[in-house]
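Visitor: Need coordinates for the below:
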Amino acid sequence: MALVEVKVPDIGDFSDVAVIELLVQPGDAVKAEQSLITVESDKASMEIPSSHAGVVKELKVKLGDKVSEGAVVLLLEAEGAEEKTAPAPAAPAQAAIKNEASAAPAEPAPATAAPAASGPVEVRVPDIGDFKDVAVIEVFVQPGGTVKVEQSLITVESDKASMEIPSSHAGVVKEMKVKLGDKLNMGDVIAVLEGAADSAAPVQRSASGVERENVPAPAPAAALAASSSSPAQAGEGRAATPAHDPTKPPLGLPHASPSVRKFARELGVPLAEVKGSGPKGRITQQDVQQFTQAVMAGSLQTQAQAARAPASSAGGGGAGLDLLPWPKVDFAKFGPVEAKPLSRIKKISGANLARNWVMIPHVTNHDDADITELEALRVQLNKENEKSGVKVTMLAFLIKACVAALKKFPEFNASLDGDNLVYKQYWNIGFAADTPNGLVVPVIKQADAKGVMQISQELAELSKKARDGKASPADMQGATFTISSLGGIGGTYFTPIINAPEVAILGVCRSEMRPRWNGEKFKPRLMLPLSLSYDHRVIDGAAAARFNAYLAQVLADFRRVML
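Guide: Residues are numbered from 1 along each chain as shown. Have a look, this model is predicted:
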């Protein structure tokens, strides 16, 4: 193992940027391109990656240190590397981010005011280095607003850095050409200004020799707000945030590094409501974790707040729940105890389940399906396809059967949106997967267009990703209906909780042989218990009974899937 110095690569014209986050510690194993620290200037924050893979031997920087290109970040025990190697050239993802001067005109601005432009001026994205297709995560101005030269217009973010794009002119915003979530590149038009003029402020030369306007620096780079998260995450995160009061304004623009924003998005945390404890109010990973803990501690109180809110998911108001405070008990008085923190998944799912149970009027319909012939078919298919490596499960047949039932009863494939019922013309089936860290729900997309063999293969792949903790948010979004299978664990019937904004969920338990009367005598049949929970605001009891009965018929004679 050779000892390697990992240094700050070329980060453009930035120098003496502050270290605001340490992402690794001595003893940690790191991969090449893994982020080590986060640094920040007035206009951008960026993560500095590792040039080698290895084990961290010693950190050479601490929080608050100022670093520039070539500064040693840490010592790394890297296999197959030369001792004290020179800093690796910047990879595209960490290439130079041009500073605020890149937005200035190509020619130095005169010391006196330039005449106003003759017409509307297009403000474009300046040279931002090798970054491409960077996402707009914040828009600071709106049509009608007055902007100054070098005033920040938007914030963009890549995987490794966020930066503010300033205005090259002063004037009144006539039209914004971008919105949250848009992807931008150098030269793209951001806004159209009226009455725009070139820089009128005196020019000073920076230490790096770059001329720039002598104007106050804008606010620090801001983080991605919760509104830019995926719809599913944003909706669930807000609804399940006990520390959040809908009547209160947000704390202000969130200020965090890209890694913290990613961490917050994974948890569904609205960063605009998190108070930062870092320098200049920066939100740290610990702040996000503490916010999540506060969320869980006050979950029941928040459900009461949500119930008292002016509008619910179904529209209209409702009386407050007026719940009693959660009891405070010193359990250690009664015997030995051991406190273990909830896993991240349980923190999120627990809050969502509490909200769904309180907000949705659940009713559960129970029925049985005769799967004797279907099980025989499943066993036969597995024997015939033994060499393929794909094992057909009963859950794959259930997914296809549910799609057939959802097509026959479309209100089960819908969602409430205010006073409207949204009927979806796609059939994505979620399935509850038990993992060491808690319950997650991956989704089989476009299940109507896939066969049982393909569904079985996707089930195996998604289940493995979930168990390994590698399932992405995209893998768990977009479901229109969910199946919760207890499989071989046991039980007969149960009441699964609906996964909002869906309106129904199917629970299945372990099948068992039972005597069934065929009109002449009792015969042993393999019976599968079905438990269908449904939102009574949308679905009547008779419709639920028909859905379950039809589903049982399809499972008993799978040829009905083709009808």
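
Visitor: which strands and helices sit next to the helix or strand containing residue 19?
Guide: Element membership for residue 19, per DSSP states H and E: strand 17-22. With contacts defined as 3 or more C-beta pairs under 8 Å, 6 or more residues apart in numbering; DSSP states H and E, the packing partners of strand 17-22 are strand 35-40, strand 66-67. To be clear about C-beta, it is placed using only N, CA and C from the backbone, and glycine gets the same treatment.

Visitor: any weak-confidence spans in this structure?
Guide: Applying pLDDT under 70 to the chain flags the ranges 1, 12-13, 42-43, 79-119, 129-130, 159-160, 196-254, 279-280, 296-321.

Visitor: repeat that for 50
Guide: For the chain, residues meeting the criterion pLDDT under 50 lie at 82-117, 198-243, 246-247, 249-252, 299-304, 306-308, 310-319.

Visitor: got the buried residues for the longest strand along the chain?
Guide: The longest strand of the chain (DSSP state E) is strand 522-535. If you call a residue buried by 16 or more other C-beta atoms under 10 Å, then strand 522-535 has these buried ones: 525-535.

Visitor: Closest one to residue 170 out of these, please.
Guide: Top of the list for closeness to residue 170, among these and by C-beta to C-beta, is residue 535 at 54.1 Å.

Visitor: Look up how far residue 156 lies from residue 141.
Guide: Counting by C-beta to C-beta, to the nearest Å, the separation of residue 141 from residue 156 is 14 Å.

Visitor: Same check on residue 167?
Guide: Applying C-beta to C-beta, the value for residue 167 to residue 156 is 14 Å.

Visitor: and if you look at residue 356?
Guide: Relative to residue 156, residue 356 is positioned 36 Å away (C-beta to C-beta).

Visitor: before we move on, what about residue 331?
Guide: The spacing between residue 331 and residue 156, counted by C-beta to C-beta, is 50 Å.

Visitor: Comparing those two, which shows the higher neighbour count?
Guide: Per other C-beta atoms under 10 Å, whichever of residue 331 and residue 156 has more neighbours is residue 156, with 26 against 9.

Visitor: Who is that one paired with across the strands?
Guide: residue 136, residue 163 (DSSP bridges).

Visitor: show me the contacts for it.
Guide: Residue 156 sits next to 125, 128, 134-137, 162-163, 165, 184 when contact means C-beta atoms under 8 Å, 6 or more residues apart in numbering.

Visitor: Name only those of these that count as buried.
Guide: For the contacts of residue 156, buried by 16+ other C-beta under 10 Å: 125, 128, 134-137, 162-163, 165, 184.

Visitor: Can you tell me the number of residues neighbouring the closest residue to residue 478 other than its chain neighbours?
Guide: Sequence neighbours aside, residue 428 is the residue nearest to residue 478 in space, at 4.9 Å (criterion: C-beta to C-beta, 6 or more residues apart in numbering). Applying other C-beta under 10 Å, we find 19 residues neighbouring residue 428.

Visitor: Please verify my assumption that residue 428 contacts residue 449.
Guide: No - assessed by C-beta atoms under 8 Å, residue 428 is found out of contact with residue 449, at 10.9 Å.

Visitor: the helices in this structure, which residues?
Guide: 231-239, 258-267, 285-297, 299-308, 344-359, 372-384, 394-408, 452-467, 541-556 (DSSP state H).

Visitor: May I see those organised as JSON lines, with mean neighbour count added?
Guide: Converted to JSON lines, those look like this (neighbours: other C-beta atoms under 10 Å):
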{"stretch": "helix 231-239", "mean neighbour count": "19"}
{"stretch": "helix 258-267", "mean neighbour count": "21"}
{"stretch": "helix 285-297", "mean neighbour count": "17"}
{"stretch": "helix 299-308", "mean neighbour count": "18"}
{"stretch": "helix 344-359", "mean neighbour count": "19"}
{"stretch": "helix 372-384", "mean neighbour count": "15"}
{"stretch": "helix 394-408", "mean neighbour count": "22"}
{"stretch": "helix 452-467", "mean neighbour count": "18"}
{"stretch": "helix 541-556", "mean neighbour count": "18"}
